[in-house]
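Q: need a structure here:
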Amino acid sequence: MIVRDWADEFVERAPPPAAQVDMRVADIAMAFFAGCGASEARSLAKAFRDDEAAACAAMVRRTECDDINVGACITPGSVVVPTALAAACENAACDNDLSLERFDRAVAAGYAVGLRLARALGGVAALSGGIWPTCFAAPMMAAATAAVARGLDRDGIASAIALAAARAGGRVGRPAGAPSGRWWAFGEAVASGCRATEAAAHGFQGDPALIGRDWLAAIGDPAHIQPDALKASETHELSATGFKPFIAARQTINAVVAFQRILAKGVAPESISRIDIGVPTANAAMVARRATPGERLSTIADMHVQIAAAALRPALLYSVERDGEPAADLLAYAERIQIHADAELDRSMPEVWGGRVRVQSGDRALEELCLAVDGDPGHGDATAMLRAKLAHLVPITDRPLCAAFLEPANDEARRARLMTLWRAMRARLADAP
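A: Predicted structure coming up:
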């Protein structure tokens, strides 16, 4: 039974390197502080007053600047890091000590469960079929993370995940308005996983045989499920998850970076008369969908707006709220942009969401292909990218707290900064009127 195998693994496997975990914490802390002051974020804080992990997870996820594994089409950090912080710090308050080993194991366990489940459901194919992979996996990610962080035994960890699996779904539709029901549904998925762990801690047992082929086929499309993806990986899934360099739907990022590289060659944005953008077929319809004025999330997913922002107002790529966008200047520039499916980029799917950009500037034609960006697994200097992201994204007063996690530290310093971070995040939740 796969859930029992996972529980054995999470108890026996060596924790990941502390530096890998701390980079995840830094990235999620940046997203939280970048977006926690917004009206929608405050509404989430009030909606989840009784579950701080769920509130923080939803507040982070709505920013669209948290980490992602593109092959699985999942953003695990938004669920795992707040849940691990809440559980570990709650234990520390009771035991007068924060177990770093349990915290690191908990983060690794949450990422492992998330990536395996999302891949098994079909990843990008599941998303195209109307299932949000992260929301689908959120209950089980939260349950695994909290169970390991709280020190439950093998049976307790297995039961927590199995109980959470009984609540899994992932179909949220397209809720309109603000605050968006999308983020409430996400927070509720995380909360259900945390409740499953609480139930397991009190002796309730789930069915460890539930997660498997039949369960996946009942939730997703039987033609797309990949049950073999549920099996354990030889390496920690942390290292297979990339960081976003700025706020964007991940499907747009490679093309935006390709365009930025063209501009860096000395091409003036106003000199460009035409921009042709190729993306994988599976992503084309989504990124070509035009933004709705005043609808924040639509501007983040619209390739036209993202490219226009890179050309005219690069700082907008780091704006969580995007009030009043897309403005007239961006809409006018967007008329130069054509988006199409590029069959050549399909060859690298689902692990690479490439972008190809061709521009016409006077009598010059330039082309740039981008298959990887700084922050992708094994590509570029992730720490340097996160430092740059921090400087652009996070309010000045919150930067030192986030930056601390990008520096090496001994165990005592790590415990102190984890506790300090969680206190600061809780304080922002309490500030919601």
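Q: Contact partners for residue 353?
A: Residue 353 is in contact with 70, 250-251, 253-254, 279-280, 283, counting by C-beta atoms under 8 Å, 6 or more residues apart in numbering. Where C-beta positions appear, they are placed from N, C-alpha and C, glycine not excepted.
Q: Also residue 75?
A: The contact partners of residue 75, by C-beta under 8 Å, 6+ apart, come to 61, 66-68, 134.
Q: if I look at it, how far off is residue 102?
A: According to C-beta to C-beta, to the nearest Å, residue 75 stands 23 Å off from residue 102.
Q: do the same with residue 327
A: Applying C-beta to C-beta, the value for residue 327 to residue 102 is 48 Å.
Q: circling back: can you flag the buried ones in the contacts of residue 75?
A: For those, a neighbour count by 16 or more other C-beta atoms under 10 Å gives the buried set as 61, 66-68, 134.
Q: Please read off the pLDDT at the spatially closest residue to residue 32 that is not a sequence neighbour from the model.
A: Distances taken as C-beta to C-beta, 6 or more residues apart in numbering place residue 60 nearest to residue 32, at 5.2 Å, with adjacent residues excluded. Per-residue pLDDT puts residue 60 at 98.
Q: May I ask which helix or strand encompasses residue 308?
A: Element membership for residue 308, per DSSP states H and E: helix 303-312.
Q: tell me which residues in that helix are buried?
A: Across helix 303-312, burial judged by 16+ other C-beta under 10 Å covers 303-311.
Q: One more: stretch 113-121?
A: By 16+ other C-beta under 10 Å, the buried positions in stretch 113-121 come out as 113-121.
Q: Identify the farthest-apart pair in the residues you listed.
A: Within those, two members stand farthest from each other by C-beta to C-beta: 113 and 121, at 12.4 Å.
Q: and for these two, which residues touch both?
A: In terms of C-beta under 8 Å, 6+ apart, residue 113 and residue 121 are both contacted by the residues residue 137.
Q: Residue 217 and residue 343, how far apart?
A: To residue 343, residue 217 is 29 Å away according to C-beta to C-beta.
Q: Compare those two (neighbour count), which wins?
A: Neighbours were counted for residue 217 and for residue 343 using other C-beta atoms under 10 Å; residue 217 has more, 15 against 10.
Q: Please state the offset of the least confident helix or strand in the chain by mean pLDDT from the chain centre?
A: Ranked by mean pLDDT, DSSP states H and E, the helix or strand of the chain with the weakest confidence is helix 77-95, at a mean of 88. On the basis of C-alpha atoms, centre = their mean, to the nearest Å, helix 77-95 sits 18 Å off its chain's mean C-alpha point.
Q: hang on, the earlier thing: out of the buried residues of helix 303-312, flag the one nearest to residue 12.
A: Closest to residue 12 out of the buried residues of helix 303-312 is residue 306 (43.9 Å), distances taken as C-beta to C-beta.
Q: Tell me if I'm right that that closest one and residue 248 touch.
A: Yes. Taking C-beta atoms under 8 Å as the definition, residue 306 is a contact partner of residue 248 at 5.8 Å.
Q: Could you tell me which residues within the host helix or strand of residue 284 count as buried?
A: Using DSSP H and E, residue 284 maps to helix 281-288. Buried residues in helix 281-288, counted by 16+ other C-beta under 10 Å: 282-284, 286-288.
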